[in-house]
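S.K.: Quick one: sequence plus predicted model below, questions after.
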Amino acid sequence: PLSDGDWALIGSAGSKVCGQYNTLTGQPSTDVDGMEADKKQHIMCCAKSIEDTDTQNMDEVIKASMAPTWYGKSDGWNGGSHSDAIDYCQKNGGGQNLCPYVGYCPYGEGNQPFPGHPVDFNTERMQWSPWVEGTGKGWVLISQKYQNSATTCMTYRDLEGGTPPWDESGNSNLFAEAKKYILCCNTGEGPQANPQSPILLPTPTNPPTPKPSSLPTPKPTLPPQDVKWYPMESAGEKECVQGSGYSPSFPGKGWTYETEIDCCNAWSLPCSIKEMMWYPSELNGEQVCVQGNEFSSFMVTSGWLYTTEQQCCIAMSLDCAPVQPKWYPTVVAGEKACTFGVDVPPSPSLQFDSKGECCAAFPLACPTTTTTTTRPAVTAPPCTPMGGKGCHWWPKVVSLDEGIKCIYSSNWPIEAADHLFSDYDSCYCEYFDC
């Protein structure tokens, strides 16, 4: 029990530790004597009141009990897995351990993480950091999503649903640019979430900001599932999302899909046709940049979509080989043609080392013969200058069916003054192919 009438969690509830009842449940405490006594076996008595505890004191409590230290890419942290983070803290942090969730976020969701970090996380793209607590582990957002401060300090499971793509793939180096910072602590595994050793932090003066929306959270005990597209309802709207956080009953009902289009068609959802973009992916255990439109919403929210391969490679710190120019079929000025350049289509079947290979595969792009029509010689008919106008060849619209013809006369209209020619061929070739 707390002096303000609420209750503090000294055990664990998923990734939460040291939270307040009304924060975790969204409801005021139902403080009724005698109810659920087995869950209220411990109290802590203080010599002084802590009702005036402010943010600075909270930071001091965390600093004194855990001595957290931030590390980043410039310190040699490579954005790897939980195991990599634990090893890094042991070797580079002087025997430190990876911090628990409460070390990163003493005030919970919607509040800033523990201070002392090398950069302003709010100016970064989405940044996730690993945390461990006993046998539990997860990823916490230390920056913001869509510049919404309410998303800071939310876990990946609570904010995005399911498991991060770098955990699902088993490739710890995937999306290293989204995992550039970790927090190491001096407290072993952090505050233990069991009633035998309660750790109660002072009550923050300002309760955490509520979540922007309530997303479904799969139970942590569920076995790993394949990454699929599936329907999910959020804020009263249904959408197709990609991940492994779907209900175990979905595959049996046929509610998981290989592509977004399949999911949208099955549920009659107005999914938009995505533009072809470059984005990071995995190929044979390596992170690469690929082009396509089958990217997940996670790519969109993380800002990992690019118009060129080079932009993607630079953003992901990948050493991509320069694009080699190829011959490929395209349309130039409304006509099919084989073109040489670096803007090659993604399909290997449309890339050729020589123009001959391209033309052999696409004959219409390379016409081999040119049809010419022999034009009979035209002699100027008799003409008499009239009204001060001389005799010239000029274009005349004969009819809609016959179109333009070159006429030799002196009764050309004033608007044809800039379109007069001395011979028939000059007039004809101005308006027709010669």
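M.R.: Here it is on my side, so go on. Numbering: from 1, shown residues only.
S.K.: Not counting residues beside it along the chain, what's closest to the spatially most central residue of the chain?
M.R.: Centroid check for the chain by CA atoms, centre = their mean gives M299 as the closest residue, at 1.8 Å. Take M299 and drop its neighbours on the chain: the residue closest to it by CB to CB, 6 or more residues apart in numbering is Y279, 5.1 Å away. In short, each C-beta sits where N, CA and C put it, glycine included.
S.K.: secondary structure element for that neighbour?
M.R.: Taking DSSP states H and E as the criterion, Y279 maps to strand 277-283.
S.K.: Which strands or helices does that strand pack on?
M.R.: Under the contact criterion of 3 or more CB pairs under 8 Å, 6 or more residues apart in numbering; DSSP states H and E, strand 277-283 touches strand 286-292, helix 309-315.
S.K.: that older thread, my guess is the residue nearest to the centre of the chain contacts W278, does it?
M.R.: No: M299 is beyond contact range of W278, at 10.4 Å (criterion: CB atoms under 8 Å).
S.K.: Report the set of residues contacting both of those two.
M.R.: Residues touching both M299 and W278 (CB atoms under 8 Å, 6 or more residues apart in numbering) are L305.
S.K.: residues in contact with the closest residue to W77 other than its chain neighbours?
M.R.: Computed as CB to CB, 6+ apart, the closest residue to W77 that is not its neighbour in sequence is Y71, at 4.9 Å. For Y71, the contact set (CB under 8 Å, 6+ apart) comprises 77, 88-89, 92-93, 181-184.
S.K.: SS state for E430?
M.R.: Following DSSP: H, G, I helix; E, B strand; the rest coil, the label given to E430 is helix.
S.K.: thinking again about what came up before, please save the CA atoms from the strand or helix carrying the residue nearest to W77 in CSV.
M.R.: When elements are assigned from DSSP H and E, Y71 belongs to strand 69-72. Once non-C-alpha atoms are left out, strand 69-72 reads as follows in CSV (Å, rounded to 0.1, in the frame of the first residue of the first chain):
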residue,chain,number,x,y,z
THR,A,69,25.5,4.0,-18.0
TRP,A,70,24.5,4.7,-21.6
TYR,A,71,26.6,3.2,-24.4
GLY,A,72,26.2,3.7,-28.2
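S.K.: Following the chain past it, name the next helix or strand.
M.R.: Remark: after strand 69-72, the chain's next helix or strand is helix 82-92, criterion DSSP H and E.
S.K.: Could you list every helix and strand in contact with that following helix?
M.R.: Packed next to helix 82-92, using 3+ CB pairs under 8 Å, 6+ apart, are strand 69-72, strand 97-98, strand 128-133, strand 181-185.
S.K.: Turn the helices and strands packed on strand 277-283 into TSV, including mean neighbour count, mean pLDDT and distance to F421.
M.R.: Below are the helices and strands packed on strand 277-283 laid out as TSV (neighbours: other CB atoms under 10 Å; pLDDT from 0 to 100; distance: least, CB to CB, whole Å):
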stretch	mean neighbour count	mean pLDDT	distance to F421
strand 286-292	16	83	52
helix 309-315	17	82	52
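S.K.: For the strand holding Y71, buried residues please.
M.R.: Under the neighbour-count criterion of 16 or more other CB atoms under 10 Å, strand 69-72 has 69-71 buried.
S.K.: Okay, now the unreliable bits of the stretch 1-150 of the chain?
M.R.: The model of the stretch 1-150 of the chain has pLDDT under 70 over residues 4-5, 12-35, 48-56.
S.K.: And the helices in it, which stretches?
M.R.: With DSSP state H, counting those that start in this stretch as the criterion, the stretch 1-150 of the chain has helices at 21-25, 55-66, 82-92, 101-104.
S.K.: Name the stretch among those helices that sits most buried.
M.R.: helix 101-104 (a mean of 26; mean count of other CB atoms under 10 Å).
S.K.: what's the distance between that helix and the middle of its chain?
M.R.: 26 Å (CA atoms, centre = their mean, to the nearest Å).
S.K.: How about stretch 253-269?
M.R.: 21 Å.
S.K.: now the end-to-end length of it.
M.R.: One end of stretch 253-269 sits 18 Å from the other (CA to CA, to the nearest Å).
S.K.: Could you check it and say which residues are buried?
M.R.: Buried residues in stretch 253-269, counted by 16+ other CB under 10 Å: 255-257, 260-261, 263-264.
S.K.: In helices, which of the residues you listed fall?
M.R.: Of the buried residues of stretch 253-269, the ones assigned to helices by DSSP state H are 260-261, 263-264.
S.K.: Find the pair from those residues with maximum spatial separation.
M.R.: Spatial extent of these (CB to CB) is set by the pair I261 and C263 at 7.3 Å.
S.K.: who touches both of those two?
M.R.: Counting by CB under 8 Å, 6+ apart, the common neighbours of I261 and C263 are C271.
S.K.: Make sure T339 is actually in contact with W327.
M.R.: Yes: if you go by CB under 8 Å, T339 and W327 touch, sitting 7.1 Å apart.
S.K.: who's more crowded, these two?
M.R.: More neighbours surround W327 than the other of T339 and W327, with 23 against 17 (other CB atoms under 10 Å).
S.K.: phi, psi of that one?
M.R.: For W327, the backbone dihedrals (degrees, to the nearest 10) come out as phi -90, psi 140.
S.K.: ditto for the one 3 residues further on
M.R.: The phi and psi values for T330, taken as degrees, to the nearest 10, are phi -150, psi -170.
S.K.: what number of residues lie near it?
M.R.: 18.
S.K.: wait, what's in contact with it?
M.R.: 336-339.
S.K.: picking up where we left off before, adding distance to E237 as columns, could you present the buried residues of stretch 253-269 in a markdown table?
M.R.: Output for the buried residues of stretch 253-269, formatted as a markdown table (distance: CB to CB, whole Å):
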| residue | distance to E237 |
| --- | --- |
| W255 | 17 |
| T256 | 20 |
| Y257 | 18 |
| E260 | 16 |
| I261 | 19 |
| C263 | 15 |
| C264 | 13 |
